[in-house]
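# Mind looking at a prediction? Sequence and model below.
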Amino acid sequence: MIKDLNNLKNPKLDNEDLKLQLLNDSDYIVLLKKMITIRIAEEIISENVKSGLIKCPCHLAIGQEAIPVAVAEFLNSNDRVYGNHRSHGHYLSLTMDTYSLFAEILGKETGCSKGMGGSMHIVDESKGFGGSVPIVSATIPVAVGAGLAMKLSKNQSVAISYFGDGTSEEGVLHESLNIASYYNLPVIFICENNLFSSHMHISERQKFDSIARFADSHGIENSVIDGNNIELLLNTSKHAIEIARSKRKPFFIEAVTYRWKGHVGHDDNIDVGLKRKEDLEPWKQKDPIARLKNSLISKNVISESDFESFNIAILNKLKEEFDNAVSDSYPSQKQLLETVYFK
Amino acid sequence: MSKKISYGSGIQAAFEYVLENYNESFVIGQGLWSPWYVGNTMVDLDKKFGKERIIDCPVSENSVTGTALGAALNGMKAIVVHPRMDFMVLASDQIVNQAAKWQSMLGGGIKIPLTIRSIINRGGEQGAQHSQALHSWYAHIPGLRVVMPAFANDARDLLIASILSNDPVLYIDDRWCADLEEEFTELKELDINNIGPKIVKEGSDITIVGSGFTSCQALEAANELVKDNISAEVVDCRVLNPFNPDLIIGSVKKTGKLLVLDGSWINCGFSGEVIASVSERFVDFKSPPKRMGLKASPAPTSKPLEEDYYINIKDIIENAKSI
């Protein structure tokens, strides 16, 4: 039986309070603040793309914040995470270094890639973020290679590969699933299925809509879950990472979600692609941040005004950071030729 | 009695040296457990160092190359082998877009000890997809070192230098060189930054430049030209990217004549790069420089067409005399 997303692609279903059980209340507050930080950072980026202050292509993941925040909960700095063109959240979930991200997107030497990368090429090896690049699928074998290095050096680290549903249309994913499966490599493949590749809905591109069907065909254990439900994501990530860490074999998570912005830039892009116009509002009602907030309020862990004050504090901090990054220096001209080869 | 080393055994010796001395090194590629895929260059490595470090793998050039890159980014000295360069084209994303660019686009300071060994496998009626020499394509890419040894000791020492480099290196060896021998010299660990073109025969009348197998042909032709009282200086390029033409320019300043051989096509090829690099800094040619390469067609399989397709010693001698 070929997998189908069924109810998971309908934002009007399964939108009730989360049954928060896995972590302590204080940990959930930390996760909530991380999600808010990622959201606000991307909103600031979005505004400045619109104003023209940011020129490089920015692919925003507003609406998808729960996934990396949940996964990062079970990683350490020896693990390696590889991203893609839409990786601000992946990077921030490990580093929370909004300043370096802003500076990088502005092309400044204080950025995480010293101003050489922009939004699409970001890195922080010290925190376990191995790198992101925009060629669709390119980092998947790189993550598999990290897994091979971990296996050969007999350590307990794991590699994470983040990609979207469009990536399953590239052949190298299939090559890589085979290699990770056959050689028993500790790689967790995480498909953030947001139903879109650029402007095209998955129904316009594939006969079936669940990407985990490819994990089945390579004998890789997998879970297909609501990617806007942080409790489910935490439980699934914990299980997947434990399997990779202790049993030294791959796992595949398909987290179904939705991006609120278009493929690139600040626009909602409601005029392109099948059904996007009707679907965007219901998906905004299935906001992963609001769901965690409401669940914490129902549990009397926080109040609505606590949530407001978290938002205000984070917004003020990030706005100040962005303004400071704007006045940082650009890389020097000599940086161009000095970073081609290792020094 | 003098001791000889063959090109193939030089490559074998390099693998054994690195695998013996650097525990973080491993090799992945197609045919590594086969007795014939990679000639006499990797014999029994799997038996000596284990199948965990010598990995024969699925036919997935792109993913396997990316896997080697990922391992190199994570502390390993990774060597990926493409027994036929034509198949390596499928891995071009990982070579050109990834390995060559991560250093620069992520801000520098990243060790990428990745060696991509690719074999030029021409001749033998193998035709258009088992024969290509695509070094010029890859030498175009900043960030990707391209190394192309012609002689046995270099085959060994340049492979070791490639593997010990912290940059991605495309190491290209040529099946037509595999059985060629030269005087043995002791194995050396060299810094790839210090390796460039080399004069393999001194001369005063004409400079003949080659890379890979064409350097061997240049040397053979130069030895023949002696009979006609022509003293040819032969330069073996060895490193095509980053390319340092200084030594070749110095040679042409002495001889005033330049013939460049390339085992691949001429248009946008490395022979043109050599002539351009010299011409930008030297104009007093005694006669216009010349280049030789493949005819502008895919490689044929038919025997007589194939014989006519590749550069031969007779044509090199004629061209050298005509300049």
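Thanks, I have the structure now.
# OK, contacts around B:Ala71?
A:145-146, A:148-149, A:152, B:26, B:78 (CB atoms under 8 Å, 6 or more residues apart in numbering or on different chains). C-betas here are computed from N, CA, C, even on glycine.
# Of those, which is the most crowded?
Greatest neighbour count in the contacts of B:Ala71, by other CB atoms under 10 Å in any protein chain shown, goes to A:Gly145: 36 neighbours.
# For that one, list the residues it contacts.
Contacts of A:Gly145 by CB under 8 Å, 6+ apart are B:66-74, B:78.
# rerun at 10 Å
Counting by CB atoms under 10 Å, 6 or more residues apart in numbering or on different chains, A:Gly145 touches A:80, A:82, A:139, A:159, A:176, A:179, A:185, A:187, B:28, B:63-74, B:76, B:78, B:80, B:94, B:114.
# any idea whether the residue in the stretch 101-250 of chain A that chain B sits nearest to is helix, strand or coil?
Using CB to the nearest CB, the point where the stretch 101-250 of chain A gets nearest to chain B is A:Gly145, with a distance of 2.1 Å. With DSSP: H, G, I helix; E, B strand; the rest coil as the basis, the three-state label of A:Gly145 is helix.
# Which residue comes closest to it once chain neighbours are left out?
In this structure, A:Gly145 finds its nearest non-sequential neighbour in B:Gly70, 2.1 Å apart by CB to CB, 6 or more residues apart in numbering or on different chains.
# Number of residues surrounding the one you found?
B:Gly70, neighbours per other CB under 10 Å, totals 34.
# Point me to the helix or strand that includes A:Tyr91.
helix A:88-95 (DSSP states H and E).
# Pull the contacting residues for residue 298.
Defaulting to chain A. A:17-18, A:20.
# should've been chain B
B:127-129, B:131-132, B:265, B:309.
# Which one of these is nearest to A:Gly164?
Of all the contacts of B:Pro298, B:Gln129 has the smallest distance to A:Gly164: 33.5 Å, by CB to CB.
# I figured the closest one was touching B:Arg122, is that so?
No: counting by CB atoms under 10 Å, B:Gln129 does not reach B:Arg122; the two are 11.3 Å apart.
# Need the residues touching each of those two.
B:84, B:299.
# who are the neighbours in contact with the residue in chain B positioned nearest to chain A?
Residue of chain B nearest chain A, by CB to the nearest CB: B:Gly70 (2.1 Å). B:Gly70 sits next to A:80, A:82, A:130-131, A:139-149, A:159, A:161, A:176, A:185, A:187, B:76, B:78, B:94, B:98, B:114 when contact means CB under 10 Å, 6+ apart.
# Wait, a helix at it?
Yes: counting by three-state DSSP, B:Gly70 is part of a helix.
# And the strands in chain A?
Here chain A has its strands, by DSSP state E, at A:80-82, A:129-131, A:159-164, A:187-193, A:196-197, A:200-201, A:222-226, A:251-256.
# okay if I get the ones you listed as CSV plus mean neighbour count and distance to chain B?
Below are the strands of chain A laid out as CSV (neighbours: other CB atoms under 10 Å in any protein chain shown; distance: least, CB to the nearest CB, whole Å):
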stretch, mean neighbour count, distance to chain B
strand A:80-82, 29, 6
strand A:129-131, 27, 6
strand A:159-164, 28, 8
strand A:187-193, 28, 10
strand A:196-197, 22, 18
strand A:200-201, 18, 22
strand A:222-226, 22, 19
strand A:251-256, 26, 16
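# burial measure for residue 174, as a count.
The chain I'm using is chain A. Neighbours of A:His174 (other CB under 10 Å): 17.
# nope, chain B please
Count around B:Asp174 with other CB under 10 Å applied: 26.
# B:Val209 versus that one, what's the distance?
16 Å (CB to CB, to the nearest Å).
# What of B:Ser25?
Distance from B:Ser25 to B:Val209, by CB to CB: 33 Å.
# Among these two, which residue is more densely surrounded?
Per other CB under 10 Å, whichever of B:Ser25 and B:Val209 has more neighbours is B:Val209, with 30 against 22.
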